[in-house]
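Peer 1: Here is the input, now give the coordinates:
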Amino acid sequence: MREGRGALRRLPHRDRLRSLVFAVWAGSLALALVCALVFREPRLIAPEPEPAPTAALPQPQAALPVEPAAPQAAPEPAPAPAQSDAFIYEEHHAYPPSPSKRPEPAYPPGPVQPGAKLAVVIDDLGESAAFARKLAALGIPLTLSVMPRLGETQDTAKLGAAAGLDVILHQPMEPKRRYVFTPNSGALTMDMDSKAVRAALAANLAANPEAKGVNNHMGSRYTENAERMAVVLEFLKARGLFFLDSQTTPDSRAGDAARRVGMPIYSRDVFLDNVRSVRAILDQLRQAEQISLHRGQAIAIGHPYPETLLALSIWSTQRDRRVRLARLSELTPH
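Peer 2: Next up, the predicted model:
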């Protein structure tokens, strides 16, 4: 140390000053490095994600003694449709042709009949008088078939009669498929005797005094029974009302009952809206025109769908003018 100091004193004054400045600079640099190492901020390291918890594996259980299998019970029948589906029925869709019957051609062969008539019936009315008002506004002689005992049954019937349209009762009857009618539906079922049938018809017609006739709503089971249909037709005949067989089954016996009673009836020829598209409904209307032209008259049945309303509006301006649109009561029953 003494030798270092002595060597420093022996240097010229200028060199000693330079050495002192260098020593101070070097010491400051060393001090800065030490402080940086000591007082530096710790580097943050993201923690590793914890492994997701795994479900505990089921512990093996001791084998249980095997009991003999019990005989399987017969499957329960499908539940009845909900109340919200009360007016959505499968039976107004075209049924497949009976194996014993040939399918009807696109239109019956033969010469065109003069004075051909076509009646268009709209079923299932009575829930909305507003829709019936739209039908009446088309300005064509439709026939309105009104369900009994609905919220707007009477308003719909009065509206139709005031517009000069035919109004008929759309009488519910028991179908083949399982269906539970509400107690106040006014339906005719197979377990009703003749007195109950007459009472139901009388009550339904009393609420629809504008009705000129009746057609069946559903009824694939009921209309296949000639004896029960004879009770219905005898009642209508006594009141001067007509009957339209909606033909919801290819095996309807309404015609046999009509001959027994001595009362001619109408029969449906075409369902318009099995397929709910405007194009398909227009095709069915043209089919009904062809039947009318070759048979002299035809009856088409539609339902209160927006597509049916639009198709009728279009067809009324483009229809075959050789066919006269008519109310159902203007046609000849047979």
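
Peer 1: Which parts of the stretch 201-334 of the chain are strands?
Peer 2: 213-218, 242-245, 266-267, 270-271, 297-302, 324-325 (DSSP state E, counting those that start in this stretch).

Peer 1: Give the partner strands of the last one in its sheet and their orientations.
Peer 2: Okay, so that is strand 324-325. strand 117-125 (parallel) (DSSP bridges).

Peer 1: what's the angle from the partner strand to strand 297-302?
Peer 2: 20 degrees (axes from the mean of the first three to the mean of the last three CA atoms, to 10 degrees).

Peer 1: in the chain, which helix or strand is least confident?
Peer 2: helix 2-10 (a mean of 56; mean pLDDT, DSSP states H and E).

Peer 1: any chance of the strands of the stretch 201-334 of the chain in a markdown table, with mean pLDDT, distance to A207 and mean neighbour count too?
Peer 2: In short, each C-beta sits where N, CA and C put it, glycine included. Below are the strands of the stretch 201-334 of the chain laid out as a markdown table (pLDDT from 0 to 100; distance: least, CB to CB, whole Å; neighbours: other CB atoms under 10 Å):
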| stretch | mean pLDDT | distance to A207 | mean neighbour count |
| --- | --- | --- | --- |
| strand 213-218 | 98 | 13 | 26 |
| strand 242-245 | 98 | 18 | 24 |
| strand 266-267 | 98 | 23 | 21 |
| strand 270-271 | 97 | 27 | 23 |
| strand 297-302 | 98 | 22 | 25 |
| strand 324-325 | 97 | 28 | 14 |
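
Peer 1: Just put those in JSON lines and tack on distance to W315.
Peer 2: Formatted as JSON lines, these follow (distance: least, CB to CB, whole Å):
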{"stretch": "strand 213-218", "distance to W315": "22"}
{"stretch": "strand 242-245", "distance to W315": "21"}
{"stretch": "strand 266-267", "distance to W315": "21"}
{"stretch": "strand 270-271", "distance to W315": "13"}
{"stretch": "strand 297-302", "distance to W315": "11"}
{"stretch": "strand 324-325", "distance to W315": "10"}
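
Peer 1: do you know which of the ones you listed lies nearest L331?
Peer 2: Using CB to CB as the measure, strand 297-302 is the one of these that comes nearest L331, at 4.9 Å.

Peer 1: who's in contact with L310?
Peer 2: With contact set as CB atoms under 8 Å, 6 or more residues apart in numbering, L310 has these partners: V278.

Peer 1: Could you check how far it is from L138?
Peer 2: 10 Å (CB to CB, to the nearest Å).

Peer 1: just the helices in the chain please.
Peer 2: Using DSSP state H, the helices of the chain run over 2-10, 13-38, 129-136, 153-162, 194-206, 226-238, 254-261, 278-295, 306-318.

Peer 1: Contact partners for L201?
Peer 2: 171, 188, 214, 232, 235-236.

Peer 1: Could you rerun that using 7 Å?
Peer 2: 232, 235 (CB atoms under 7 Å, 6 or more residues apart in numbering).

Peer 1: In the stretch 101-250 of the chain, where is pLDDT below threshold?
Peer 2: 101-110 (pLDDT under 70).

Peer 1: ok, now with 50
Peer 2: 101-105 (pLDDT under 50).

Peer 1: about what we covered before: of the strands of the stretch 201-334 of the chain, which is nearest S145?
Peer 2: Judged by CB to CB, the one of these that comes nearest to S145 is strand 213-218, at 5.6 Å.
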